[in-house]
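Trainee: Take a look and give me a structure for this.
(chains A and B)
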Protein chains: 2
Amino acid sequence: MNTKLLALGTMAFDAIETPFGKTGKILGGCATYIGLAASQFKVDCGLVSVVGEDFDEAYISLLKSKGLDLTGVEIIKGEKTFFWSGKYHNDLNTRTTLDTQLNVLTKFKPIVPEHYKDASMILLGNLDPNLQLSVLEQLKQPKLVVMDTMNFWIEGYRGKLDEVIAKVDILSINDEEARQISGTHSLVEAAKIIQNMGPNYVIIKKGEHGALLFHGTQIFCVPGLPLEEVFDPTGAGDSFIGGFIGFLTQNQTYSFEAMKSAMVVGSAMASFTVQQFGTKALESLTVKQLYQRIEAFKALTEFEIEIT
Amino acid sequence: MNTKLLALGTMAFDAIETPFGKTGKILGGCATYIGLAASQFKVDCGLVSVVGEDFDEAYISLLKSKGLDLTGVEIIKGEKTFFWSGKYHNDLNTRTTLDTQLNVLTKFKPIVPEHYKDASMILLGNLDPNLQLSVLEQLKQPKLVVMDTMNFWIEGYRGKLDEVIAKVDILSINDEEARQISGTHSLVEAAKIIQNMGPNYVIIKKGEHGALLFHGTQIFCVPGLPLEEVFDPTGAGDSFIGGFIGFLTQNQTYSFEAMKSAMVVGSAMASFTVQQFGTKALESLTVKQLYQRIEAFKALTEFEIEIT
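Mentor: Next up, the predicted model:
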């Protein structure tokens, strides 16, 4: 059974400000969240990313201790790690980017390690579509490719972005991005248009309102788990998709039913992430806690109606 | 079995503009939507409302043909019916009120007909809390009282509003109103605060994102049904609560489990309302269509996860 999962994405320093507090430079980046989430499952997960010489050895150790393979993480001597700083507003639904220092990202040429070229599951995290494409071209015959992106690439790299979208099985984006890509307000319409661009499945994330999975005429919805306190939304979407693909990789089934379950697993994962700053919650999360929260999702949505 | 349901609310003329078109004066008002939704069930539903001499006889006939008892609807001679006109913006989530003519509403003194004083289920639609209280005082011993309200009463009538809230079993409001009443952003916190004000159950409606039911530490969430086109959101909340209470009245059970089912029924009802202008969809809706849509909600939310 090939449970190799390859994830492309950033590893970063983040500095985050929310109404509840402020961090210094902490561990961030989409590959980091994806890896930590996926490591909850019985998978052989490798990351493809880049960091600078200033990246903490302790972070490397942390990720390795979770069983993540970092052979594909390049460390560029004399360069600095990608840095992002942002401030969330009072409702936590909107944020302002305070600073972005691309640093090593400008020199990033992702190389897939030899032993991951036959990975069955691929996650192309939110990055320049040229890099996503270059990773795809290095792979043998993945069973499932999931792709994430964001408004920046939709606005400025549309041609290349569409080329990658045409090659993936699942596109995972948020509601505003779905509307931007499709040029339509209705998410049902948007998912149709995107499926016509290539992907068989479209995931539309709606933040605290949950997420939708579209496949042909089928739709599945997982609501956001109502939480007493959301502390820091950073990494919620990456935790979601990391949990989603980690679960699918472990179970090696790719049916719509399996993906529905994976949507709930991803949402449960994200619900932990937002309860603490940065990656803190994922670092200490246990499988038992995760499954308890999945039970909470069941209780939240299950109902019986007798047809009279 | 007492399946008497009494609903207090407005009957109105609405003029609605959406990105899809524009109506002349059409049938509106919360009691109208509530009555039409509740009439899908085996209930004995009476409305308490007021209209002017200009109210169409055809509308009266329509409501009567649905089995609604209009003994409690006062027709004031020489006066005009309450009129509301609004325009929805492109995303349909926000609207601008173009005109409000209170007309007969300023003279409304609700009188509960003798044969509804022993009603088991009461719905206090969105109106001046003084009128809601006056109806409550005319009743014998209802089993369940549901109350709706809006920002206008929260801002200007807080003392009287709190007095009514203290007397009801279920408060049904939207997310912004929940935050306004409770003074807190978290909906979980808001529902706690509101339960401490009196109601054992709190329903928080989130428009296209669905609705939440809170009871002690239990939470149930029904997502919005993703629709290809939302045509006119007017009356969605009233259709929801009318379907909710109609279903409960028919089944005469008031458990949390029963209310979860009723939440789905209400959401299904509202999903029809928004697909046509005004009350059009509810007027022609059949029980069979309703239950088919409830099945769609089941398909939308059901999942299985094997705990490994």
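Trainee: what's near enough to touch residue A:261?
Mentor: By C-beta atoms under 8 Å, 6 or more residues apart in numbering or on different chains, the residues touching residue A:261 are A:247, B:303-305. Bear in mind the C-beta positions are built from the backbone N, C-alpha and C, glycine included.
Trainee: Show me the shaky parts of the stretch 151-300 of chain A.
Mentor: Within the stretch 151-300 of chain A, not a single segment meets pLDDT under 70.
Trainee: Can you show me the strands along it?
Mentor: A:170-174, A:201-205, A:211-215, A:218-222 (DSSP state E, counting those that start in this stretch).
Trainee: out of the ones you listed, nearest to chain B?
Mentor: Ranking the strands of the stretch 151-300 of chain A by proximity to chain B (C-beta to the nearest C-beta) places strand A:218-222 first, at 4.3 Å.
Trainee: what is the orientation angle of that closest one with strand B:218-222?
Mentor: 150 degrees (axes from the mean of the first three to the mean of the last three C-alpha atoms, to 10 degrees).
Trainee: ok so, going back, could you take the strands of the stretch 151-300 of chain A and lay them out as JSON lines, with extra columns for distance to chain B and mean neighbour count?
Mentor: Listed next are the strands of the stretch 151-300 of chain A as JSON lines, based on distance: least, C-beta to the nearest C-beta, whole Å; neighbours: other C-beta atoms under 10 Å in any protein chain shown:
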{"stretch": "strand A:170-174", "distance to chain B": "14", "mean neighbour count": "25"}
{"stretch": "strand A:201-205", "distance to chain B": "9", "mean neighbour count": "25"}
{"stretch": "strand A:211-215", "distance to chain B": "6", "mean neighbour count": "23"}
{"stretch": "strand A:218-222", "distance to chain B": "4", "mean neighbour count": "22"}
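Trainee: Save these as TSV, and put in distance to residue A:4 too.
Mentor: TSV is the format used below for the strands of the stretch 151-300 of chain A (distance: least, C-beta to C-beta, whole Å):
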stretch	distance to residue A:4
strand A:170-174	17
strand A:201-205	21
strand A:211-215	24
strand A:218-222	27
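Trainee: nearest to residue A:127, of the contacts of residue A:261?
Mentor: Relative to residue A:127, the closest of the contacts of residue A:261 is residue A:247; by C-beta to C-beta it sits at 22.8 Å.
Trainee: Would you agree that closest one is in contact with residue A:268?
Mentor: No: with contacts counted by C-beta atoms under 8 Å, residue A:247 stays clear of residue A:268, the gap being 9.8 Å.
Trainee: Spit out the contact partners of residue A:206.
Mentor: Residue A:206 neighbours (C-beta under 8 Å, 6+ apart): A:174-175, A:212, A:224, B:209.
Trainee: Can you tell me which of the residues you listed is nearest residue B:94?
Mentor: Closest to residue B:94, out of all of the contacts of residue A:206 and judged by C-beta to C-beta, is residue B:209, at 14.3 Å.
Trainee: Quick check: chain neighbours aside, which residue is closest to the closest one?
Mentor: residue A:209 (4.1 Å; C-beta to C-beta, 6 or more residues apart in numbering or on different chains).
Trainee: so that neighbour makes contact with residue A:223?
Mentor: Yes: if you go by C-beta under 8 Å, residue A:209 and residue A:223 touch, sitting 7.0 Å apart.
Trainee: Now do the shared contacts for the two.
Mentor: residue B:210.
Trainee: Could you check what's spatially nearest to the residue nearest to the spatial centre of chain A, not counting adjacent residues?
Mentor: Against the mean C-alpha coordinate of chain A, by C-alpha atoms, centre = their mean, the closest residue is residue A:238 at 2.6 Å. Closest residue to residue A:238 apart from its sequence neighbours, by C-beta to C-beta, 6+ apart: residue A:33 at 3.5 Å.
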